[in-house]
Structures are given as structure tokens and as C-alpha cells.
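*Asks:* could you look at this predicted model? Sequence included:
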Amino acid sequence: MIKIFQKILLPALLIIGLSGCENFLTEKSASSFTADFVYNTPEGLESGVVGLYNIQRSFWENMANNGSNPIVIDSKDDLTIPRGGEISNYGRMIQGTTPENSYVYSDYWRLYYRIMDRANALIASAEKIQGMSDERKNKVLGEAKFFRANSVFILYKLFNNIYVTTEPTTPETVQKVVTSKSGEAEIFDLVKSDLAFAIGNLPLKTTEPGRITQNMARHLKAEVALWQKDWKEAKAQAEAVISSGANSLLSSTGLVFKGDLNHSETLWALQFKVLVNGGPNKVNFNLMPNYAELMPGSKYTVEQGGRGFGWLTLNNYLRDLLNEDPNDTRVKGSYYIQDYVYNDPATLPEGKVIGEKIVHSTWQEFAPLAADRNAFFIRLNAGCKKYFPDDGNPTVDTQTKNIMIARLAETYLYAAEANLMLGNIGTVNDSPQSGTALGQLNAVRKRAGTAPLSTLRLEDILDEQARELAFEGRRWYMLKRTGKLYEYIVDHAGYGKRGDLSAENSAGHANTAKDPFPYRSDARTRMRPHMVNWAIPLSEMNLLGESYPQNQGY
């Protein structure tokens, strides 16, 4: 596997393209950063850490496949309709089912191995550097170790059969070929050790938006503990974040994705700034329907989520969850939007009123013609607004906005799950600080305007996670961790009646909300139990030793 580093990582230990939020970086020419400067001076090591943030951010700037690669993991969960475009090939399991047809997975594999290797080099250099204060050194080490832990953990969650090393790539080791995977114990020992160091050496708060803090490291350590079913540790880490005073839930869902996202609920947001650092992305274009095109009386607006083409939108399973409580604010335009209104007086059809909900005469969810149903999903189905900037141009398909990676609402759900497993369920009247599952889960529900629960099952936490965190790259991991991924994909991925495995537009359906025609639900019949682990792409297997194990089933 070191041959992977030779191919995509080595470009020989230079940290290039350093950029970040305006508070923590002065831009310099890449040519001014030599390997000697980066790895042998305090300033260089600090610049090298900023480079890790830049590598992470580059994943979202990739315009390949219509800019959909970062949200491929969302297309593969149980909450979406992969209607079309490049992303649907993975959501419908047309691709991503064999080592030969999983080329997009290489983006994930290479990104996180690249970060791992750069972090290894920074850690090795920081541990032996002279003339750097312990406080300054330990902050570099804390951030670098967090990035290494995060990368190793993501690779493990996705690919299972991975190889980890703490040794940086050097000219002496670059030709080494890895022939076996690392054991699970070794993987978790490294991740937990790195996170423990980060927790002990990173600050609770930062004046430099986008930087990793102690609470982000604790949040990740809570997730690691949940994977290992260490409920006490998960509870301890999640509740330490909740009670720290450094982060708090915002008062309404309408504020969570407003502005630059650098607010009290955010644990980690990647920083982008137009014409300063970071490039635009097409995530919003993939997730929002094209409600204004060919629709007299309608125009693209910030309030309605800008211009998209509905390649990946909410399925009826998620819509039903959001509509269970009529007061749920998340589906009323804060996180998601399902009602589009006439807003263009210049083209308003006769008999229509500004502000009236658009209901097309033929483009309807339960239209008799398949073409009209498809038009509904392109133009009027519910979409996700989480990636549209407040100051964005609603008429274009690329946008620049900070990307939410982790936030406190998920920490509350981690704590609730741990307490549920420990039997600390509590009552409907418990406060968020009560240390009970109901108190913590209901903190998220109440913020969304929904009624608190008085009883609790794991399924309730899964449902709340779907409502709160859909399209944030979190669902697939949780379903895999809880053993629900295969079951939930087969039951309700794509669009259709739960448990319906019939072909798209097949006969024998009432064409109603209770019994709709299946639509883009191919994953239900293509999913296999072994696919809870992603195939290691053939291009990466070719760089490993001949005896390196592919995941079982591939």
C-alpha cells in the first residue's frame, strides 16, 4: 500500500495550496514552502497542519461526476431518491457493487490515506523537533493526530479491510508493498490513542473558525465508542461535550444552516470564502429540484433553495417521517423544503396568486403517466437546502458555502443512544442535562417544534437521526453501526411502499400515497449483505500486494 503513497501522496512531502479561514492563515506562495521548512520549523509544522484542512476541503471542490462525489455516501442510504445523473449510478447500485465498477470509491480511499500520510509526517517531525514550546508542539500534534484518527476511522467504517501505519512515507519506504490488512484491535487502539491526545491538548474553544477543538475530538471518540458498544465511554464523551459550555444547540432549526455556520452548535465546519479560499461546489445543484424552469410564475430564489436538478432528493420514507408532526420546522424550509410557491409577478399565470403553492396540472406525484410522475420528481419533490448559501446566486448551479461536518445535535443523539443501551431512559419531563436518553433526544425534537417522546426504542433514535441529519453524510454510518443497513435499504431505499420489491412502474399498484408505483428503488433488489462494506476499488487493489484481502463477497 505504500505504493499508493508513491502514486498520490508523496509529491515529496511538500505542503502546498495552504489556505483556510481568514483568522488563521496568511496566504503564502506554495513555492516558499520547502520540505525542510515544513518539517523542521515550528512555523512550518503549523502551516503543515493547515494543509491537512486544505486536503480535507479539496474533497468538496471536486467537480467530477457533476460535483456529486462527496455525497455519494448519502445516495447509498435509505432516505433518498437517486433520480438521475452520475450520483444515481451509486444510489441505485448500478455502480459500486464490484471492485471493477467502484471507481468513485477511490476518491474516498485516496483522500483519507493522503491525509493519514501527511499527518504521520507532521507527527514524526513534531515529536523530535527542538526549540518549540510544549504548548505549541502539542497543539500541532493534537490536530495532526485528530486528522489521522478521523481518516483511519472513516476508512475502516467504509472499507473494513484497511491497513494502517504511523510511519511517514520516505524514499526508503516508498517501494514497500503491503500484503495484509491491519487487525481491528490495532485500528481502534490507534484511533482511540490519537483522540485521547487530541482531547488532552486541544482547546475547548477557538477564535479561528474551522479549527478542531477538544469537543470535536470528544464527539468523534463518542462515535468510536458506539461502534465498539462501549456505552459508558460513549455516554461520558458525549455528555462531556454537552456539559462543557463551549457548544450549545441553537434556538431554532432555521438558524443552523444560516450564514457561515460558525456558531455554537457547530463542532466542525470546513471553511470556504469566495475568491479567498476554497472553490465552489455543486452539492446544492444535486439536492434541490428544478422548480422554476418551465414553470410560469416561478423564479429561483434564496428562500426556495436556488437552482437544482433533483438528482438526489427526499424519498417518501423521509418525507413521511418529517410530516409525522405537523409542527416540524425542519421540512418547512429550514433544512428541507417541500412546498414551492409562485413568486414571479411578471410571468404569473392567470388565476394564480403570489405566495400560492405550485400544483402543476399534470406533473404530480401520483399522475397516471410515468413521464408526468418523473417530471414531479425533477421539479416539485422535496429538496435539501442545507448547502445553499444565504448570499448565493439562486440562478447558477455552483455555490460557495462552508460545509458542516459535525454538530452538537448529533452529539445529543449519541448520548441518547448510549443511555438507552445503559437503561437510562428517563421520562418525558427530563431536561437535556439530565443524563437520560429521553432528555437528550427530546432536546433535538423540541428545538424542531415537535412533541417530546415519552417512550424510547432504538428505532426512535434512528428516525430522529434521519429527520435531523439527512444529507449530512451521517446516515449510512449509523445504519451500518447499528446493524440496520441491509434491512433498511431492502425495505425502503428509493421511492415506494415499504417492503415493495417490484420493478419501477410495475402494474398492481393503486398509485396512491399508501401504495405508490416504485421509483428508482433498484437498491432494494440489488443490495446484498456483504455490501455493508464497500468494495476496495480495483485501481487500489492493483497497488497492494497480491495477497491483500478484498472484502468478503467481492
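*Replies:* Perfect, I can see it now.

*Asks:* doesn't residue 523 make contact with residue 97?
*Replies:* No. Contact criterion Cβ atoms under 8 Å: residue 97 and residue 523 do not qualify, at 10.0 Å. No exception for glycine: its C-beta is placed from N, CA and C like everyone else's.

*Asks:* which one of the two has more residues nearby?
*Replies:* Taking neighbours as other Cβ atoms under 10 Å, residue 97 and residue 523 compare with residue 523 leading, 26 against 19.

*Asks:* check contacts around the closest residue to that one other than its chain neighbours.
*Replies:* Once flanking residues are discounted, residue 523 sits nearest to residue 493: 4.2 Å by Cβ to Cβ, 6 or more residues apart in numbering. Residue 493 is in contact with 77, 78, 80, 91, 315, 521, 523, 524, 527, counting by Cβ atoms under 8 Å, 6 or more residues apart in numbering.

*Asks:* how much space between residue 486 and residue 257?
*Replies:* Distance from residue 486 to residue 257, counting by Cβ to Cβ, to the nearest Å: 31 Å.

*Asks:* with residue 79 instead?
*Replies:* In terms of Cβ to Cβ, residue 79 sits 17 Å off from residue 257.

*Asks:* which one's more surrounded, these two?
*Replies:* The residue with more neighbours, out of residue 79 and residue 257, is residue 79; 27 against 22, by other Cβ under 10 Å.

*Asks:* which residue, neighbours along the chain excluded, lies closest to that one?
*Replies:* Excluding the flanking residues, the one nearest residue 79 by Cβ to Cβ, 6+ apart is residue 318, at 4.2 Å.

*Asks:* swap in residue 124?
*Replies:* In space, and not counting its chain neighbours, residue 124 is closest to residue 168: 5.2 Å by Cβ to Cβ, 6+ apart.

*Asks:* residue 126 is in contact with that neighbour, correct?
*Replies:* No. Using Cβ under 8 Å, residue 168 is not in contact with residue 126, being 11.4 Å away.

*Asks:* and these two? Which one has more around it.
*Replies:* Higher neighbour count among residue 168 and residue 126: residue 126, with 24 against 20, using other Cβ under 10 Å.

*Asks:* now do the contacts for the more buried one.
*Replies:* Residue 126 makes contacts with 45, 132, 137, 140, 141, 144, as judged by Cβ under 8 Å, 6+ apart.

*Asks:* check which residues of the helix or strand where residue 237 lies are buried.
*Replies:* Using DSSP states H and E, the element containing residue 237 is helix 231-243. Under the neighbour-count criterion of 16 or more other Cβ atoms under 10 Å, helix 231-243 has 231, 233, 234, 235, 236, 237, 238, 239, 240, 241, 242 buried.

*Asks:* now do stretch 204-218
*Replies:* For stretch 204-218, by 16+ other Cβ under 10 Å, it's 206, 208, 209, 210, 211, 212, 213, 214, 215, 216, 217, 218.

*Asks:* equivalent analysis for stretch 267-279, please.
*Replies:* For stretch 267-279, burial by neighbour count (16+ other Cβ under 10 Å) applies to 267, 268, 269, 270, 271, 272, 277, 278.

*Asks:* ranges for the strands of the stretch 151-300 of the chain?
*Replies:* With DSSP state E, counting those that start in this stretch, the ranges of strands along the stretch 151-300 of the chain come out as 266-270.

*Asks:* show me where it has its helices.
*Replies:* Per DSSP state H, counting those that start in this stretch, the stretch 151-300 of the chain carries helices over the ranges 184-201, 214-227, 231-243, 253-256, 283-287.

*Asks:* residue 393: which of those is closest?
*Replies:* Set against residue 393 and scored by Cβ to Cβ, the helices of the stretch 151-300 of the chain come closest in helix 283-287, at 11.1 Å.

*Asks:* so residue 351: helix, strand or coil?
*Replies:* Of the three states, residue 351 takes coil under DSSP: H, G, I helix; E, B strand; the rest coil.

*Asks:* for residue 405, same thing?
*Replies:* What three-state DSSP gives for residue 405 is strand.

*Asks:* hmm, it is touching residue 270, no?
*Replies:* Yes. Between residue 405 and residue 270 there is a contact under Cβ under 8 Å: 6.2 Å.

*Asks:* spatially central residue for the protein, please.
*Replies:* Closest to where the C-alpha atoms of the chain average out (Cα atoms, centre = their mean) is residue 473, at 2.3 Å.

*Asks:* and that residue, how far from residue 479?
*Replies:* Plainly put, residue 473 is 13 Å away from residue 479 if you go by Cβ to Cβ.

*Asks:* what of residue 222?
*Replies:* Applying Cβ to Cβ to residue 222 and residue 479 gives a distance of 18 Å.

*Asks:* between the two, who's got more neighbours?
*Replies:* Each of residue 222 and residue 479 has its neighbours counted (other Cβ under 10 Å); residue 222 has more, 26 against 23.

*Asks:* can you pull the contacts of the more buried one?
*Replies:* 233, 234, 237, 238, 241, 411, 414, 415, 418.

*Asks:* how about residue 542, phi and psi?
*Replies:* Main-chain dihedrals, residue 542, degrees, to the nearest 10: phi -70, psi -20.

*Asks:* what's the burial count for it?
*Replies:* For residue 542, the tally of surrounding residues (other Cβ under 10 Å) stands at 11.

*Asks:* any idea how far residue 324 is from it?
*Replies:* Applying Cβ to Cβ to residue 542 and residue 324 gives a distance of 48 Å.

*Asks:* try residue 109
*Replies:* For residue 109 relative to residue 324 (Cβ to Cβ), the value is 38 Å.

*Asks:* and the contacts of residue 222, which two are furthest apart?
*Replies:* Greatest spatial distance in those: 233 and 411, 14.0 Å, computed using Cβ to Cβ.

*Asks:* which phi and psi does the closest residue in space to residue 100 that isn't next to it in sequence have?
*Replies:* Of all residues not flanking residue 100 in the chain, residue 538 sits nearest, at 5.2 Å (Cβ to Cβ, 6+ apart). Reported as degrees, to the nearest 10, the phi and psi values for residue 538 are phi -60, psi -40.

*Asks:* what number of residues lie near residue 538?
*Replies:* Neighbour count of residue 538, defined by other Cβ under 10 Å: 16.

*Asks:* and if you look at residue 64?
*Replies:* Residue 64 has 11 nearby residues by other Cβ under 10 Å.

*Asks:* spit out the contact partners of residue 295.
*Replies:* Neighbouring residues of residue 295 by Cβ under 8 Å, 6+ apart: 358, 360, 379.

*Asks:* ok, 7 Å please
*Replies:* Contacts for residue 295 (Cβ atoms under 7 Å, 6 or more residues apart in numbering) come out as 358, 379.

*Asks:* sorry, back to before: which residues does the residue nearest to the centre of the chain contact?
*Replies:* Residues counted as contacts of residue 473 (Cβ under 7 Å, 6+ apart) are 73, 74.

*Asks:* for residue 111, same thing?
*Replies:* Neighbouring residues of residue 111 by Cβ under 7 Å, 6+ apart: residue 59.

*Asks:* now it: how far from residue 151?
*Replies:* To residue 151, residue 111 is 8 Å away according to Cβ to Cβ.

*Asks:* residues near residue 124, how many?
*Replies:* With neighbours defined by other Cβ under 10 Å, the count for residue 124 comes to 16.

*Asks:* where in the stretch 451-554 of the chain is pLDDT low?
*Replies:* By pLDDT under 70, the stretch 451-554 of the chain has no low-scoring segment.

*Asks:* quick check: pLDDT value at residue 374.
*Replies:* Note for residue 374: predicted pLDDT of 97.

*Asks:* that one is in what secondary structure piece?
*Replies:* Taking DSSP H and E as the definition, one finds residue 374 inside helix 370-379.

*Asks:* tell me the buried residues in that helix?
*Replies:* Buried residues in helix 370-379, counted by 16+ other Cβ under 10 Å: 372, 373, 374, 375, 376, 377, 378, 379.

*Asks:* take those residues and lay them out in TSV including distance to residue 443.
*Replies:* Formatted as TSV, the buried residues of helix 370-379 follow (distance: Cβ to Cβ, whole Å):
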residue	distance to residue 443
372	42
373	39
374	40
375	40
376	36
377	34
378	37
379	36
